[in-house]
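>>> task: produce atomic coordinates for the following.
(2 chains)
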Amino acid sequence: MTTWISAFLDKLLPPDLHHLIGDLEEEYQLTKNEEGITKARLKFWAQFFRSLPWFLLQSLTWSTTMFYNYLKVSWRNMKKHTGFSLINVLGLAASLSVCLLMILFIIDQKSYDQFHENSDRIVRVTFESSSSGEMFATTPASLGDILVEQYPEVKEAVKIYGAFYGDFRYSEMDVNLSGFYASPNFLSVFDFELLEGDPETALNEPGNVIITPETARKLFGTENALGKTFTKVGDRDYTVTGIIDDSPKTHFEFEMIGSYSTAIADPDRAKYFENWRNTVWNSYNYLLMEEEADIPAFKEKIQSLIATHYKEEEASTIESFGIQPLTNINLAETHYNEIGFVIPGIIAWFLIGFTIVITLIACFNYVSLTVARALNRSKEVGVRKVHGAHRLNVIKQFIIESVMIALIAFLFSTLLLRWLLPEFNSLYFIDFMEASVDPSLLIRPEVIFLLVLFSVVVGIAAGLYPSVYLSSFNPAQVLKGLSNTSKLSGQTLKKIITVSQFTFSIIFITTSIMLFLQFRHMADSDYGFNKEAIVKLQLHDIPLSQVKNSLKQQPDVQSVTAVNPVPGTGSVYTEEVSSIKGSEEIEVNSFRVDENFIPTMNLNLLAGRNFNPEMSSDSTQRVIISTVLMRRLGFSDPTEAVSQEINVTNFERNPIVAGVIENFVAADITSLNDPIILLFRPDQTRFALIKTKPGKTISFVSNLEDMWASLNSAYPLKYTLFDEELRDNPSLHVFIDMVKVIGLIALFSVFISCLGLLGLAIYSSENRIKEIGIRKVLGASVNQLVLTLSKEYLWMIGIAVVISVPASWFLNSLWLQLISNKVEFGISIHIFGALLATLLALFTISTQTYRAAKTNPVSNLRSE
Amino acid sequence: MDLLSRMEELILLAVWKLQDEAYGLEIRLHLSEILGRELSVGAVYVPLKRLKKRGYLSSWDSEPTDERGGRSKRFFKLTAKGVNALQEVHSVQEKTWRNLPDIGLGWVPA
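Numbers count the residues shown, from 1 in each chain, chains lettered A, B, ... in the order given. Below is the predicted model:
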């Protein structure tokens, strides 16, 4: 009988039936001796195949029995060490919940545009720019029709023209809207639903428009929108022919969709659209392909169109065409001039990488904790092996156990997710990107299946090493009670990993505290100018003097200034400034202002004078600089700088410093100490900042509508309350996001590194229990013992502190460099972070060391 | 008491007959010879296991030998309960075979 078949039977059949294999072997030998090898083989194989079903049944029964036994033993073990199991489960659950969140996010993003019945047959034509080599989502407007005519594999082409935006007016009220023009088949190729209106005709005639329910509410309030006409300011009328449901997840972003025929209604426009150069940057072509279309071949074929549509003498804009499947627009290669907001594919890869790292960390902790407690299970393994368990059986057992723990952790993690998911969705940048994860994903069976599958994989990954390790025990050794076999050493790697975990924890703790302090500092910090009781008004097409004149008649107005850009709102204009001695060029934030800027904003003029409209040279030869710029130019105090000549770009002659003001927040609140220059250019201003009399802001705003109407602007009134706008600053929101995210990571990493440390502490105190007994008998006190046991951990934490403090100082200085309005962080913040981590670590190990030190030496030494 | 099945009865009798040589292969070969056909492994081992579980047989494993590929033999022996079961079957059989009338096929048990 061949050895491999014998080995196979050996694995297949339960140990109870191994004598059967011996019988088969004996029969084979017997027949071989009496009737020859051929007969023996024949007889054996006949027997084998006849009995195979029965063999398989035996094997199956046996595995089921053992599986049940593994589950039972695992469960008993978990119950026996409840605290320990809970730590294991929670550690895995914490990491799993983050991973699940990432997976949900990616699933959610991948579900974009899946709702179209033909989503797998719709593609978008893109192109690669010949000048930059970058990919663009747009293609020339007439391409779609050409493709339908010339290529049988294209069934239909949806033409979209992007430039449809502006202010729209209905009954005296203006709303700013944006969207695109689309050909009538937009509604048949894509499966967007019309809540009202006829999809067959909605986009047929010029001037037809379909709008979202939100837009209908904005324009018409509670009135029925269908059939109403509204006006694009300075252009034409549009009639609402449909209300479109924009709730499905799609890469298209629109508040309204106009009929394509509107865009080419004018014969001149139609001609303009024929030229590829004119529309290559803002037209989109989506193709519905025939079912059997060969996309790669089609892509090859259409490249020849480039040469025929660009005359030889003019260089082509298009290097090559690309074909992008509809479902691969989101989370894919970035295309410029995208029609809506999509998340680049690199983000998905980053998230996947992040998920893998977190999974590895979680797995590592499980490994560390399980291996640390190997002694507890070594006898069990010994007994199993003596009873005939193969190493593979033991491996199977421990993997089943870890999968079981992972599945329990999965249940916990879904609970955590209920808290994590809303927090994630409330992050400013998620909200901004409209990328919030739909919680209803969690009850979709295929998603649940995927998440459970992921948990099982994590369980297998986590259980792999411990099972291989635990199954390697020699039963004779472990049953004899040799606890300190050489197998149980080799803690160096674990120590290194624990040290690095703590290093990261301290860095995260310090960083999140710094971010929080920086955020609080910025939220509280003084802008350096008055922002109270100020209304910001966009001037649009009305000359400043006219606005000023009508504002002066308003009883609530105290003063008015004109400026561009408005400080603190994130817009930046820059000028290159240098000293006439020829020093380095400084990039300076510049503001075009009028003479009222300094008094209205309550800026502190330290020396010199304000601009004066009476002096004609002020706009061409005078500037006002801030203290930071003054110092950078090499002047030590304001009076020294006044009347000095400096170099500024865009001045015909070197201007002279008229005055020096205290620095204020230029771009936004992150930059308090950026150099600033004021230029006297009232004619180049775009905003009026109106300071009202105290407490009169509301009453001023209520009169603003009428005032604006009297100015007869083509544009609608646009104003904001200045301090509200500043408070709503995106960079502050981003900081809150960062504090949340980094803070959460810090929490997780501290938790996880404490778990790792706990594993080590348990291992070591179990290993040294006899030593502790002897020390105790010889007169050591509990305190001394705790110190002895803690010593090696104190070392590890010490190393982590020594590495992490400079590392976190360096890493944090990277982002702090970008912020001029920063809190001055001393060494104390690093010490605090390190101390916090150390205290948590000490608390963790003390639970083990103290318990070990308190045990009665008699119970530990008696059995020797 | 449950009556033994025919196969169980045959196996118990084989174990009795083979005495110290009663292990899987010998039992199977012996039965194959009596029945005049090759028996499958399952046909013998399933009842063997069941009989042991019901307490009619006891078993012990020998030392492994080379000609068996390093595997031991599992020897079986009748227990008192097994002997009782056989006796019961025997008496039932005797009663059922006793005083059978002639049905004209030319054969009557002795």
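>>> can you give me the helices in the stretch 601-750 of chain A?
A:618-621, A:627-632, A:638-641, A:697-710, A:722-727, A:730-767 (DSSP state H, counting those that start in this stretch).
>>> would you single out the least confident of those helices?
For the helices of the stretch 601-750 of chain A, mean pLDDT drops lowest on helix A:730-767, to a mean of 80.
>>> show me what it is packed against.
In terms of contacts (3 or more Cβ pairs under 8 Å, 6 or more residues apart in numbering or on different chains; DSSP states H and E), helix A:730-767 is packed against helix A:82-110, helix A:345-372, helix A:428-432, helix A:492-524, helix A:782-816, helix A:828-854. In this view, the C-beta of every residue, glycine as well, is placed from N, C-alpha and C.
>>> could you pull out the buried residues of the shortest one?
Going back to what we said before, that points to helix A:428-432. A:428, A:430 (16 or more other Cβ atoms under 10 Å in any protein chain shown).
>>> repeat that for the longest one.
Of the residues in helix A:782-816, A:785-786, A:788-790, A:793, A:796-797, A:799-801, A:803-805, A:807-809, A:812, A:816 count as buried by neighbour count, 16+ other Cβ under 10 Å.
>>> what is the burial count for the nearest residue to A:Asn610 once chain neighbours are set aside?
Of all residues not flanking A:Asn610 in the chain, A:Ile598 sits nearest, at 5.0 Å (Cβ to Cβ, 6 or more residues apart in numbering or on different chains). By other Cβ atoms under 10 Å in any protein chain shown, 21 other residues sit near A:Ile598.
>>> check A:Ala409 too.
Using other Cβ under 10 Å, A:Ala409 has 28 neighbouring residues.
>>> just to check, it is in contact with A:Ser97?
No: applying Cβ atoms under 8 Å, one finds A:Ala409 not in contact with A:Ser97, separated by 9.0 Å.
>>> now do the host helix or strand of the residue nearest to A:Asn610: which elements does it pack against?
Per DSSP states H and E: A:Ile598 is located in helix A:597-600. Packing partners of helix A:597-600 (3+ Cβ pairs under 8 Å, 6+ apart): strand A:557-564.
>>> tell me who's in contact with the closest residue to chain A within chain B.
Using Cβ to the nearest Cβ, B:Arg71 is the residue of chain B that sits closest to chain A, at 3.1 Å. Residues near B:Arg71 by Cβ atoms under 8 Å, 6 or more residues apart in numbering or on different chains: A:18-19, A:21-22, A:25, B:64-65.
>>> from these, list the buried ones, please.
A:18-19, A:21-22, A:25.
>>> now A:Gln501: how far from A:Phe748?
Separation of A:Gln501 from A:Phe748 (Cβ to Cβ, to the nearest Å): 11 Å.
>>> to clarify, my last question referred to A:Ile586.
43 Å.
>>> turn the helices of the stretch 601-750 of chain A into JSON lines, columns for mean neighbour count.
Below are those laid out as JSON lines (neighbours: other Cβ atoms under 10 Å in any protein chain shown):
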{"stretch": "helix A:618-621", "mean neighbour count": "17"}
{"stretch": "helix A:627-632", "mean neighbour count": "21"}
{"stretch": "helix A:638-641", "mean neighbour count": "17"}
{"stretch": "helix A:697-710", "mean neighbour count": "14"}
{"stretch": "helix A:722-727", "mean neighbour count": "17"}
{"stretch": "helix A:730-767", "mean neighbour count": "20"}
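>>> what sits against residue 82?
No chain in the question, so chain A it is. So A:Thr82 contacts nothing (Cβ under 8 Å, 6+ apart).
>>> actually chain B
Contacts of B:Gly82 (Cβ under 8 Å, 6+ apart): B:12, B:15, B:51, B:55-57.
>>> okay, and it sits in which element?
According to DSSP H and E, B:Gly82 maps onto helix B:80-97.
>>> report the distance from that helix to the chain centre.
On the basis of Cα atoms, centre = their mean, to the nearest Å, helix B:80-97 sits 13 Å off its chain's mean C-alpha point.
>>> check which residues of it are buried.
So for helix B:80-97, counting by 16+ other Cβ under 10 Å, buried means B:82, B:85-86, B:89.
>>> before we move on, the earlier item: how about residues contacting the helix holding A:Ile598?
So helix A:597-600 is contacted by A:530, A:534, A:559-563, A:591, A:603, A:605, A:610, A:624, A:661, A:678, A:689, A:691 (Cβ under 8 Å, 6+ apart).
>>> repeat that for stretch A:700-707.
Counting by Cβ under 8 Å, 6+ apart, A:535, A:537, A:550-551, A:554, A:556-557, A:690, A:692, A:717, A:719, A:721 sit against stretch A:700-707.
>>> how about 7 Å then?
A:535, A:550, A:554, A:556-557, A:692, A:717, A:719 (Cβ atoms under 7 Å, 6 or more residues apart in numbering or on different chains).
>>> with stretch A:287-300 instead?
Contacts for stretch A:287-300 (Cβ under 7 Å, 6+ apart): A:118, A:121-123, A:125, A:147, A:151, A:153-157, A:189, A:321, A:323.
>>> ok, which pair from those residues is furthest apart?
The distance between the two most remote of these (Cβ to Cβ) is 21.1 Å, for A:Asn118 and A:Phe321.
>>> neighbour-wise, which of these two wins?
Comparing A:Asn118 with A:Phe321 by other Cβ under 10 Å, the one with more neighbours is A:Phe321, at 22 against 16.
>>> phi, psi of the more buried one?
Dihedral pair for A:Phe321: phi -90, psi 150, per degrees, to the nearest 10.
>>> what about it, distance to chain B?
Noted for A:Phe321: a distance of 68 Å to chain B, by Cβ to the nearest Cβ, to the nearest Å.
>>> which residues touch that residue?
A:125, A:127, A:299, A:302-303.
>>> how about A:Ile160?
When contacts are counted by Cβ under 7 Å, 6+ apart, A:Ile160 touches A:180-182, A:283-284, A:339.
>>> got it, and A:Pro694?
Neighbouring residues of A:Pro694 by Cβ under 7 Å, 6+ apart: A:Ala533.
>>> and for A:Glu172?
Under the criterion of Cβ under 7 Å, 6+ apart, A:Glu172 has no contact partners.
>>> average model confidence for stretch A:386-396?
Stretch A:386-396 shows a mean pLDDT of 85.
>>> repeat that for stretch A:796-810.
Average pLDDT, stretch A:796-810: 89.
>>> ok, and what's touching stretch A:364-384?
A:88, A:91-92, A:394, A:402, A:462, A:465-466, A:469-471, A:473, A:475, A:478-479, A:483, A:488, A:494, A:497, A:752, A:755-756, A:759-760, A:762-763, A:766.
>>> quick one, what contacts the residue lying closest to A:Ala688 once chain neighbours are set aside?
Nearest residue to A:Ala688, sequence neighbours excluded (Cβ to Cβ, 6+ apart): A:Leu537, at 4.5 Å. Each residue near A:Leu537 by Cβ under 7 Å, 6+ apart is listed here: A:687-688, A:690, A:719.
>>> A:Ser6 and A:Pro730, how far apart?
Distance, A:Ser6 to A:Pro730, by Cβ to Cβ: 73 Å.
>>> what do you get for A:Val701?
24 Å.
>>> over to A:Asp668?
A:Asp668 is 8 Å from A:Pro730, by Cβ to Cβ.
>>> same check, this time on A:Leu757
Distance, A:Leu757 to A:Pro730, using Cβ to Cβ: 40 Å.
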